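Novice: The following comprises the amino acid sequence and a computationally predicted model.
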Amino acid sequence: MRKILIVGATSAIAEQAARRFAADGDALFLVGRRADRLEAVADDLKVRGAHTTGTHVMDADDLAAHAPMLDAAEAALGGLDTVLVAYGTLPDQAACAAEPATAVAAWHTNAVSQIALLTDVANRFERQGHGLIAAISSVAGDRGRASNYVYGSAKAGLNAFLDGLRHRLFGSGVQVLTIRPGMVDTPMTAEFDKGPLFASPEKVGGDIHKAIGKRRAVCYTPGFWWLIMTVIQSLPRAVFHRTQL
Amino acid sequence: MADSAHASWGRYPASRPAAVTRATDRHRAVPEAATPVLAYGNGRSYGDSCLNNGGTLVETRGLDRFIAFDPATGVLDCEAGVLLAEILALAVPQGWFLPVTPGTQYVTVGGAIANDVHGKNHHVAGTFGRHVHELELRRTDGDCLHCSRQLNADWFAATVGGLGLTGLVTRARIGLRRIEGPYMDVDTRRFDDLDTFLKLSAAADDDHEYTVAWTDCTARGSAVGRGWFMQANHKPALGQKPDPRRRGAPAFPFTTPVSMINRATLRPLNTLYFHRRWRSAWRDTQHYQPYFYPLDGIRHWNRAYGPTGFLQYQCVVPHADARASITELLERIAAAGAGSFLSVLKVFGDVPSPGLMSFPRPGVTLALDFPNRGRPTFELLDALDGVVMAAGGGVYPAKDARMSGAAFRQYFPEWRHFSSYVDPGVSSSFWRRVMEEAQ
């Protein structure tokens, strides 16, 4: 039985991953912004076999709320061995390009608050000498593109932070997993026309569950995104700038 | 252009919603929409009762959370977008089974309630709605009603079998049925005519929970109604094999350019199936999956009917003239060279259906598919309606895409009373069609 904290537990992807943890009989502590939605997810996971389910209401943008939340999670589960950071926003790129404050707010949620939270978690896990930190980034962080570079650059920052954190914690017993989903059919992408590249939250949640079980370092999900992003990253600028990506 | 992502299972009629939204949070009101809304679950209704051409579809599969399950009593509380398949995956290993199941497990709880579905155990268990202890109904004006046979009983009766028209069902509490294991004791025997079917059914109903028959819809004259009768019970736990792990089902790969079910294949295959075994009776043990859901074994089997899709017809005729009415229906179908391979006969029991608009009622029910050949198919189905109307029977809206408003109103005499419960912000292609010339 693992003791798993999920921050952003009502996100569609996190919920699907959590259903697999529940089926394994893990103990879960769920954090999100809305109490009624958290309760709905927690009840469901309990029926699906979770050993215990605790909930905690928090807005991750409020950095001062992180430490008390982590204390509450450790108290509720009797320690932690896995943390999945799954929250995030997909800001409207046009609004971010037009208004500096919107761009900064997107960075605050998708990079700054995550760095704050992950630093606290990393220090706790380093002290206890074990643990697994998994964070949901995005393939958007692999190369800045006109269509979503504010979101993408926050994820790029997160990717580099996680790479460095993994480097720092090498040999400490603490694992760091960067999850890079492609396009996923969730409420976050409700406004998009769905093409064949869109994956279901079930697929991505299943991949996350597997990657955590295997203690991998980086996980592209679905796996074919590794190939797509390798191609996009290797495009010469002269070609890249003529694309509509 | 039609919207193939939100078609019905018969892939007829073509339909295009003006908008599609999703319900993912049961605490929130029905999503705001510029046009009338309709809940769309898993799209397994055959005709147009799950379509809303020019309106707004509210996808309910996002409401797929369990709320509570008590393994001691078998009472399950869940959101309405949960699939029956998901309930089975949860409950069977804990010794519980669906109280009533239709021929596919890929329907949502909300859909099972809205169509008040029935199964092979109708003669003992009645319809699905009888096992719903309580449901939560969200109206487009923001009201949220808790309905049961005691609480808001009139709303409960309107919503069970109410085709999704009374509002959005977001949650239900259901009583499951105890089982000792996942296996079934199945008794199969051949019968040569309709009289034998009726006798076998009358004899089996007392000590078998599940009874149903396949019938050869191409047989005529003295052979009319011949087929295979299957009676079954859940098997006691003794000496059972472990539950086999299910692999992904193969899919019918593409829509064939013409229907695979046609004049050249229909009669030979039905005749072959009737004579499939030398023995005329045997007994075996089957896992519940192939027993209850043989067609779920092939995903997208509806593609075999070609690009024009198919129409399903399920009617019930009262016991009094059942023999004559079913004979006439089958004779007309055979004479037209229409029908399919999967034609089903079942005797409904007397257990009252809980919904104002529930389809099941005492009598004999016949269900079969018709490849859509255009006018001849529609003319045949109208003729069948003539027989069913004369017999004082009914036709199942969940499977219908063409019955006339007049036929509907005769089959469902409570329609006027029911219509006072229809949410003014909700509509469906089916409802507009059958209400077109009503006052």
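Specialist: Looks like it arrived, so ask away. Numbering: from 1, shown residues only, chains lettered A, B, ... in the order given.
Novice: what residue ranges in chain A score low on pLDDT?
Specialist: Counting by pLDDT under 70, not a single residue of chain A qualifies.
Novice: List the neighbouring strands of the strand of greatest length in it plus their orientation.
Specialist: With residue count as the measure and DSSP state E as the assignment, chain A has strand A:174-181 as its longest strand. Partner strands and pairing direction for strand A:174-181 (DSSP bridges) are strand A:131-136 (parallel), strand A:218-221 (parallel).
Novice: what's in contact with the longest one?
Specialist: Right, the one you point to is strand A:131-136. The list of residues contacting strand A:131-136 from outside it, by C-beta atoms under 8 Å, 6 or more residues apart in numbering or on different chains, reads A:8, A:13-14, A:80-86, A:88, A:114, A:118, A:121-122, A:124-125, A:158, A:162, A:165, A:173-179, A:181, A:208, A:211-212, A:215. C-beta here means a position set from N, CA and C on the backbone, and glycine is covered the same way.
Novice: could you redo the last one with a cut-off of 7 Å?
Specialist: Residues from elsewhere that reach strand A:131-136, judged by C-beta atoms under 7 Å, 6 or more residues apart in numbering or on different chains: A:13, A:80-86, A:88, A:114, A:118, A:121-122, A:125, A:158, A:162, A:174-179, A:181, A:208, A:212, A:215.
Novice: after it comes which helix or strand?
Specialist: Counting by DSSP states H and E, the next helix or strand C-terminal to strand A:131-136 is helix A:149-168.
Novice: how about that following helix: buried residues?
Specialist: For helix A:149-168, burial by neighbour count (16 or more other C-beta atoms under 10 Å in any protein chain shown) applies to A:149-159, A:161-162, A:165-166.
Novice: Can you tell me which of the strands paired with strand A:174-181 is packed in deepest?
Specialist: Neighbour counts (mean count of other C-beta atoms under 10 Å in any protein chain shown) averaged over each of the strands paired with strand A:174-181 peak at strand A:131-136, with a mean of 24.
Novice: what angle sits between it and helix A:149-168?
Specialist: Strand A:131-136 and helix A:149-168 meet at an angle of 160 degrees, taking axes from the mean of the first three to the mean of the last three C-alpha atoms, to 10 degrees as the criterion.
Novice: Mind telling me which residue of the stretch 301-439 of chain B is nearest chain A?
Specialist: Across the stretch 301-439 of chain B, the shortest distance to chain A (C-beta to the nearest C-beta) belongs to residue B:303, at 18.5 Å.
Novice: measure that residue to residue B:400 for me?
Specialist: 21 Å (C-beta to C-beta, to the nearest Å).
Novice: quick one: which of those two has more around it?
Specialist: Counted by other C-beta atoms under 10 Å in any protein chain shown, residue B:303 and residue B:400 do not tie: residue B:400 has more neighbours, with 28 against 18.
Novice: what separates residue B:159 from residue B:167, distance-wise?
Specialist: Residue B:159 sits 7 Å away from residue B:167, going by C-beta to C-beta.
Novice: Now do the shared contacts for these two.
Specialist: With contacts taken as C-beta under 7 Å, 6+ apart, residue B:159 and residue B:167 have residue B:137 as neighbours in common.
Novice: now residue 33, nearest residue through space, not along the chain?
Specialist: Answering for chain A, as no chain was given. Once flanking residues are discounted, residue A:33 sits nearest to residue A:59: 5.4 Å by C-beta to C-beta, 6 or more residues apart in numbering or on different chains.
Novice: ah, I was thinking of chain B
Specialist: Closest residue to residue B:33 apart from its sequence neighbours, by C-beta to C-beta, 6+ apart: residue B:56 at 3.8 Å.
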